[in-house]
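A.B. asks: no sequence on this one, just coordinates:
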C-alpha cells in the first residue's frame, strides 16, 4: 500500500512538472524571453504566511545557515525541476522488488 502511494504521488508530481513546463513555455513565448516559475512564487501565491512560518521554524530549530544554504537554495529553483526530481525520487522509492532468480530466496 505504501509503495502504491509513493508511486501515485510520484506520478502526480511528474504530471505537475509537465504542467509547469507547458505554463513556462507559453509564458516564455508570450513574453519573448525565457521565463521560469520558481517554487517561492507558487508557495507565496498559495499561502504566503506558511512560507514565512516555515522559514522561522527552520531557522529556530536548525539555524539560519540551514535555511540559506539548504532550503532557500531548493525553493529558489524552477518549480518544474523540483517537482520532476521529487517525483522521480518517490517513484524509485516505491518501485517493486525484483523477483529473485535461482536458489537465493532467503
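C.D. replies: Okay, I see it. Just so it is clear, the model here is predicted, and its values are computed rather than measured.
A.B. asks: give me phi/psi at residue 78?
C.D. replies: The phi and psi values for residue 78, taken as degrees, to the nearest 10, are phi -60, psi 140.
A.B. asks: now do residue 104, the pLDDT please.
C.D. replies: On pLDDT, residue 104 comes in at 61.
A.B. asks: now do the longest helix anywhere in the chain: distance to the chain's middle.
C.D. replies: Longest helix in the chain, counting residues (DSSP state H): helix 2-31. Centre-to-centre, helix 2-31 and its host chain are 9 Å apart (Cα atoms, centre = their mean, to the nearest Å).
A.B. asks: now the helix or strand that comes right after it: how far from the chain's centre is it?
C.D. replies: Per DSSP states H and E, the first helix or strand lying C-terminal to helix 2-31 is helix 39-62. With Cα atoms, centre = their mean as the basis, helix 39-62 stands 15 Å off its chain's centre.
A.B. asks: of all the residues in helix 39-62, which ones are buried?
C.D. replies: 39, 51, 55, 58 (16 or more other Cβ atoms under 10 Å). All C-beta atoms are positioned from the backbone trio N, CA, C, and that covers glycine.
A.B. asks: please apply the same query to stretch 1-15.
C.D. replies: Of the residues in stretch 1-15, those buried by neighbour count under the rule 16+ other Cβ under 10 Å are 6-7, 9-10, 13-14.
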